[in-house]
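K.L.:
based on what follows, work out the 3D shape:
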Amino acid sequence: MARETQTDSLTPVVRTTLTADISRKMVSQLIRGTWAEGERIPAERELCQKLGVGRASLREALKALEIMGMIETRLGDGTYVCKRSDFFSRPLLWAIASSSEADARELVEARTLIEVELAGLAADHATPEHLKELGEQLDQMEKAKKNPEKFVQADVNFHLVIGRAASNSILMNALHLVRNLLQQWILGAVAVKGVPEKACAQHKRVLLAIKNKDASAARKEMRKHLHDMAAFAPELQKLAEDPD
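P.N.:
Have a look, this model is predicted:
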């Protein structure tokens, strides 16, 4: 019954350029959230019936959506909706595929604008639960100083908690997108000797400012942290050369 409700808004496609029409209708459903992130979409047979199209045309359209990064086909398991941060960032990955160092620095500047403001908002809105989560992620960073992959995951989680604490969904979505693009660069940065220790100390100061509900200090400490880490911006070239 629930599955029928999810697909009620799917109606037969007007047959012009069939594959393109199917793609547009499916994109509309995905953006509207007919299926949630990580959810398996209906089987091909059901989609064909709802859309009034043949399986060959549907498969071509689904391939296009997969190339766009909106869905993921898992062999023997079905087709799933990708995270919005993944498919919203795909066009930007294409855009920076031949980026220069200046372009990389522009991306760092965009990240700074977003995260500095989120830190200030988090100081205003963070709950005790948010503060607890930030402390836990900072502890994970301390424990993972010699494990770059685990360190980066805790680092990313720390910033995402700040984003949630800020209570601004638009800026939070922007944060997901930018950090998704920067993740490989961040991994390269923390592999440099001394960077994990410096990053931990800076994160502690950001957390203290948020705990003290000092929005000005939170913005100042976040800006300093991101400015120092931006010294590694040229590493973003690797992301442009190998986005996977």
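
K.L.:
neighbours of residue 81, how many?
P.N.:
22 (other CB atoms under 10 Å). Yep, even glycine has a C-beta here, placed from its N, CA and C like the rest.

K.L.:
that one touches residue 37, doesn't it?
P.N.:
Yes: contact criterion CB atoms under 8 Å: residue 81 and residue 37 qualify, at 5.6 Å.

K.L.:
show me where this structure has its helices.
P.N.:
Taking DSSP state H as the test, the helices found in the chain are 2-7, 18-32, 44-51, 55-67, 84-95, 101-125, 128-143, 148-165, 169-190, 195-211, 215-229, 236-241.

K.L.:
reformat the ones you listed as JSON lines; add mean pLDDT, mean neighbour count and distance to residue 74.
P.N.:
As requested, the helices of the chain are arranged in JSON lines below (pLDDT from 0 to 100; neighbours: other CB atoms under 10 Å; distance: least, CB to CB, whole Å):
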{"stretch": "helix 2-7", "mean pLDDT": "56", "mean neighbour count": "11", "distance to residue 74": "19"}
{"stretch": "helix 18-32", "mean pLDDT": "87", "mean neighbour count": "17", "distance to residue 74": "17"}
{"stretch": "helix 44-51", "mean pLDDT": "93", "mean neighbour count": "16", "distance to residue 74": "14"}
{"stretch": "helix 55-67", "mean pLDDT": "88", "mean neighbour count": "16", "distance to residue 74": "11"}
{"stretch": "helix 84-95", "mean pLDDT": "60", "mean neighbour count": "16", "distance to residue 74": "15"}
{"stretch": "helix 101-125", "mean pLDDT": "86", "mean neighbour count": "19", "distance to residue 74": "31"}
{"stretch": "helix 128-143", "mean pLDDT": "96", "mean neighbour count": "16", "distance to residue 74": "29"}
{"stretch": "helix 148-165", "mean pLDDT": "91", "mean neighbour count": "21", "distance to residue 74": "23"}
{"stretch": "helix 169-190", "mean pLDDT": "77", "mean neighbour count": "19", "distance to residue 74": "21"}
{"stretch": "helix 195-211", "mean pLDDT": "96", "mean neighbour count": "19", "distance to residue 74": "35"}
{"stretch": "helix 215-229", "mean pLDDT": "94", "mean neighbour count": "19", "distance to residue 74": "35"}
{"stretch": "helix 236-241", "mean pLDDT": "44", "mean neighbour count": "18", "distance to residue 74": "25"}
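
K.L.:
distance to residue 77 added to those helices, as TSV?
P.N.:
Compiled in TSV, the helices of the chain are given as follows (distance: least, CB to CB, whole Å):
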stretch	distance to residue 77
helix 2-7	17
helix 18-32	19
helix 44-51	13
helix 55-67	14
helix 84-95	18
helix 101-125	34
helix 128-143	31
helix 148-165	25
helix 169-190	24
helix 195-211	37
helix 215-229	38
helix 236-241	29
